[in-house]
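A predicted structure for the sequence below; I have some questions about it.
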Amino acid sequence: MKKTFGIASAFILAAGLTAGCSSNGASSEQKENKDTLDVYTTIYPLEDFTKKIGGDYVNVKSVYPPNVEAHTYEPSSKTMAEISDSDAFIYSGVGVEGFADKAVNTLKNSDVKIVKAGEGIDLLSREEEGEHDEHAHEEEHEHGEAEGHDHHHDHGDHDPHVWLDPVLAEKLAENIKDELVKLEPEHEKTFTKNYESLKKDLEQLNKDFKQTVDKADKKEILVSHAAYGYWEKRYGIKQISVLGLSPTEEPSQKQLENIVKTAKEHNIKYVIFESNVSSKISEIIKKEIGAESLTMKNLESVSKEDIENGKDYTAIMKENLAILKKALSNK
């Protein structure tokens, strides 16, 4: 549902998104005469869920290019101008999109509907998930300031990776469905039907994860990036993480020593890396403990290859589950 009001000035993210935009009074009337909604999203699950729920009535485009790292990416001023001309901007609102707060503040001056898909989800605190192993966590408090090491600067005190939990992903999808219904109430029946179909897939995915972890040889995994706290809470795994909640959060020397020690204690055979995050420190630990590499997809964005192969959230999560199964095996 493309609107035609003009932009008063370009968005300039590097300068703090200080420029604004304006719309003419005709946009609401034009909106009613269009057949489809133009929607921009951020992280891949939101794009995928919006497409599935909206069907033919929604034209969806992601802010993120393929294989981008969502924590640090900032869209161009051209992209921000296009978002302001759309019908809705759907973001997680849980802290993963580094640019979001400034962008949302600026978009309030436009006619675009701003949707926080993570509304109503209780986020895990760092204390709840025990970032790294408990020994490294103690070292963080004892030595972090002295060594100039700050593990808490990117996401505050909460884990934003809610979309990796299929149960919480249902809530993201439900919130998207509700907002699409508000925008196009005449298509409520279609949106609801599509949502229910997606919900069944997510429910089955949750069952598959639970069964896999319940039957696993061990519960500990060594990961490059601490993105799997919700799996810890939901399924009982224990992540030993090299980097923090954001890939920019690097461990101190003391923490590195504890990570290696813990990995050896649990006979860790694999280090789980992510397709859109590189870590030289994780590579060093892999060599130190004689482990092999596995690659998980954190779904902040997707690769060009996955797009070309038509893989959706469910398909990629099943691939992640296969990786998790291997990592939890003693073989």
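That came through, no problem.

Where do the strands of this protein begin and end?
For the chain, strands defined by DSSP state E occupy the ranges 37-41, 58-62, 88-91, 113-116, 220-225, 238-243, 270-274, 292-296.

now those as a markdown table including mean pLDDT and mean neighbour count?
In this view, the C-beta of every residue, glycine as well, is placed from N, C-alpha and C. A markdown table is the format used below for the strands of the chain (pLDDT from 0 to 100; neighbours: other Cβ atoms under 10 Å):
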| stretch | mean pLDDT | mean neighbour count |
| --- | --- | --- |
| strand 37-41 | 97 | 25 |
| strand 58-62 | 97 | 20 |
| strand 88-91 | 97 | 24 |
| strand 113-116 | 96 | 19 |
| strand 220-225 | 93 | 24 |
| strand 238-243 | 92 | 24 |
| strand 270-274 | 92 | 22 |
| strand 292-296 | 93 | 15 |
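
closest one to L205 among these?
strand 292-296 (15.1 Å; Cβ to Cβ).

Show me how far that closest one is from its chain's centre.
Distance, stretch centre to chain centre, for strand 292-296: 19 Å (Cα atoms, centre = their mean, to the nearest Å).

Which strands or helices does that strand pack on?
With contacts taken as 3 or more Cβ pairs under 8 Å, 6 or more residues apart in numbering; DSSP states H and E, strand 292-296 sits against strand 270-274, helix 313-327.

deepest of the ones you listed, which one?
strand 270-274 (a mean of 22; mean count of other Cβ atoms under 10 Å).

who are the neighbours in contact with Y235?
Applying Cβ atoms under 8 Å, 6 or more residues apart in numbering to Y235 gives the contacts 209-210, 213.

and if we set it to 10 Å?
The contact partners of Y235, taken as Cβ atoms under 10 Å, 6 or more residues apart in numbering, are 165, 206, 209-214, 216, 219, 228, 324.

Quick check: nearest residue in space to it, chain neighbours excluded?
V213 (4.2 Å; Cβ to Cβ, 6 or more residues apart in numbering).

what's the closest of the contacts of Y235 to E265?
Out of those, the member with the shortest distance to E265 (by Cβ to Cβ) is K219, at 13.1 Å.

Reformat the strands of the chain as a markdown table; add distance to Y195.
Listed next are those as a markdown table, based on distance: least, Cβ to Cβ, whole Å:
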| stretch | distance to Y195 |
| --- | --- |
| strand 37-41 | 15 |
| strand 58-62 | 12 |
| strand 88-91 | 14 |
| strand 113-116 | 14 |
| strand 220-225 | 30 |
| strand 238-243 | 30 |
| strand 270-274 | 29 |
| strand 292-296 | 27 |
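
between those, which gets nearest to K182?
strand 113-116 (8.0 Å).

How much space separates the residue nearest to W163 when sequence neighbours are not counted from G310?
For W163, ignoring the flanking residues on the chain, the nearest one in space by Cβ to Cβ, 6+ apart is P45 at 4.2 Å. Remark: distance between P45 and G310 (Cβ to Cβ, to the nearest Å) = 16 Å.

neighbour count winner among the two?
P45 (25 against 7; other Cβ atoms under 10 Å).

and the more buried one, how far is that from Y91?
Counting by Cβ to Cβ, the gap from P45 to Y91 is 12 Å.

Need the overlap of contacts for the two.
Shared contacts of P45 and Y91, counting by Cβ under 10 Å, 6+ apart, come down to A117.

For the helix ranked longest in the chain, what is the distance to the chain centroid?
Looking across the chain with DSSP state H, the single longest helix is helix 188-214. Centre-to-centre, helix 188-214 and its host chain are 18 Å apart (Cα atoms, centre = their mean).

Fine, thanks again, bye for now.
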